[in-house]
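Undergrad: Quick check, what structure comes out for this input:
(one chain, ligands or ions: 1)
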Amino acid sequence: MLRFARYVAVQAATYGLDMGLFLLLFILARQDAVLANVAAKVFAGIFAFLAHRYFTFEAAREGKQTRQAALYVALWSLNVPLSTGLLAFFLLLGMPAVVAKIVADVVCVGFNYWVSRKYIFTGPRESTAGAGPVCPACGDAMNVEETWVRRCPACAFMASALPPGAGRGVAGLGFLRTRNFETILDRLEDLLPSSGANLLEVGCASGWFLERAARRGMRVEGIEPEPGVEGACAVAGVNVRAGYFPDALDEDSRYQVIVFNDVFEHLPDPGRAIAEVERRLEPAGLAVLNLPSTDGPIFRTARLLNGLGLAGPYERLWQKDMESPHVTYFNPLNLRSLVERHTGLRLVHASRLSVLSRKGLWSRIASTWSPAASAVLFPVAWCASFVLDWFPSDIVLTIFRKEAAPGV
Ligand SMILES: [Zn+2]
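TA: A predicted model of the protein is given here:
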């Protein structure tokens, strides 16, 4: 946000310089108006380039001055037709002229900022982003997108430098979770040859999923790193181990189903984790991954806003500065690539789960935002939930199966 404010300040100064110089040359020095305008624009353009380079984007140390200058001139000369075209378009829509001009200018400033940031003053911003420089899903080199986020240009897998950890969940998800858990268990019953399967849930929290699985006759077990939870498990007599996957398990434990509900994206090394899952599955066993996706409308919108300088929603999706942030962010395609690259597991089911339920929405919002922010966000989210019903959801459910006979 700070950088966008700097951008706007430089643009305002540029405009003042442009207009001031024009008046000086045209009125005081009595130059031709066209000549005065060109001189003012060239001078202001050079000022804007240098100011953005050094002050807004701090891109000066890279030494790609000629390339940056050429691109900036191209962008800057695109502005006249762009703003004029937008103005004409808004006038056609019947907007009053002054409003149309303001809206066109605002769109231009936003557009210029986005292009400048994305394509012109790019550079080796220092990154602390994790998962190393190589994409675990496809092996391509990862790009730096934010100081704390890397993105694979080939498959769109994303990784953050946020410190992994266990922490409290978001409140108000009860109804949504229950509905999604029942959906997952329905799919599992379709895929399992018989009832009574032994199931492990990694990161089982207080055991809501395990309780429902046990009700359907499964033999259930959980792992939970958050201290104290194993004692307060919702199902009496369920074995919940304290600690992390796979270290908390006995070496010879094997399962017919291993489930990750909103957990896989918190693991620092997903390739190693899925290879461990395969090793711990019995032949024909199922791996269930239920996790948020980068190809849903919520993530896409938040990422776009982040590109424009409004970082709040994007950081919230990554759970930045929360106890248990997201370390990776997949979509259904690169998740499948990751699994197939590290294991012999085969995809047997892919679908989407509900992301936003109007029931429980208030407590979900109020658990992470201040009362004032919640009062603003709640009606927005409530209305957005109707729009989101029309798009594929941000949460994906994928199920992979191990080969029936090992080594075949
Ligand atoms: Zn990749």
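
Undergrad: List the contacts of the residue nearest the centre of the chain.
TA: Residue closest to the average C-alpha location in the chain (Cα atoms, centre = their mean): Phe299, at 4.9 Å. Shown in contact with Phe299 (Cβ atoms under 8 Å, 6 or more residues apart in numbering): Pro292, Ser293, Leu317, Tyr329, Asp394. From N, CA and C alone the C-beta is placed, and that goes for glycine too.

Undergrad: Of those, just say which sits nearest to the ion.
TA: Tyr329 (12.0 Å; Cβ to the ion).

Undergrad: Give me the nearest residue to Phe391, chain neighbours excluded.
TA: Among residues not flanking Phe391 along the chain, Pro297 sits closest, at 4.4 Å (Cβ to Cβ, 6 or more residues apart in numbering).

Undergrad: typo on my end, Trp369
TA: Here the residue nearest Trp369, using Cβ to Cβ, 6+ apart, is Leu377, at 5.9 Å.

Undergrad: Glu315 versus that neighbour, what's the distance?
TA: 15 Å (Cβ to Cβ, to the nearest Å).

Undergrad: ok, back up a step: pretty sure the residue nearest to Phe391 is in contact with Asp389, am I right?
TA: No. At 10.6 Å, Pro297 does not count as touching Asp389 under the criterion of Cβ atoms under 8 Å.

Undergrad: neighbour count winner among those two?
TA: Pro297 (16 against 10; other Cβ atoms under 10 Å).

Undergrad: TSV for the contacts of Phe299, including distance to the ion?
TA: Shown next, in TSV, are the contacts of Phe299 (distance: Cβ to the ion, whole Å):
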residue	distance to the ion
Pro292	18
Ser293	15
Leu317	20
Tyr329	12
Asp394	20
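
Undergrad: As JSON lines, those with distance to Glu221 and pLDDT would be great.
TA: What follows is the contacts of Phe299, written out as JSON lines (distance: Cβ to Cβ, whole Å; pLDDT from 0 to 100):
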{"residue": "Pro292", "distance to Glu221": "25", "pLDDT": "93"}
{"residue": "Ser293", "distance to Glu221": "28", "pLDDT": "94"}
{"residue": "Leu317", "distance to Glu221": "31", "pLDDT": "91"}
{"residue": "Tyr329", "distance to Glu221": "28", "pLDDT": "96"}
{"residue": "Asp394", "distance to Glu221": "29", "pLDDT": "87"}
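
Undergrad: Among those, which lie within helices?
TA: Leu317 (DSSP state H).

Undergrad: so of the contacts of Phe299, which ones are in strands?
TA: Pro292, Tyr329 (DSSP state E).

Undergrad: Give the rounded mean pLDDT of whichever strand or helix holds the residue nearest to the centre of the chain.
TA: In the assignment (DSSP states H and E), Phe299 maps to helix 297-307. Across helix 297-307, pLDDT averages out at 88.

Undergrad: Only the C-alpha atoms, please, for it, written as PDB.
TA: Below are the C-alpha coordinates for helix 297-307, written out as PDB (Å, rounded to 0.1, in the frame of the first residue of the first chain):
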ATOM      1  CA  PRO A 297     -12.300 -16.700  -7.700                       C
ATOM      2  CA  ILE A 298     -11.400 -15.600  -4.100                       C
ATOM      3  CA  PHE A 299      -7.700 -16.300  -4.500                       C
ATOM      4  CA  ARG A 300      -7.600 -14.800  -8.000                       C
ATOM      5  CA  THR A 301      -9.300 -11.600  -6.800                       C
ATOM      6  CA  ALA A 302      -7.100 -11.300  -3.700                       C
ATOM      7  CA  ARG A 303      -4.000 -11.800  -5.900                       C
ATOM      8  CA  LEU A 304      -5.100  -9.200  -8.300                       C
ATOM      9  CA  LEU A 305      -5.800  -6.700  -5.500                       C
ATOM     10  CA  ASN A 306      -2.400  -7.500  -4.000                       C
ATOM     11  CA  GLY A 307      -0.800  -6.700  -7.400                       C
END
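
Undergrad: Many thanks, have a good one.
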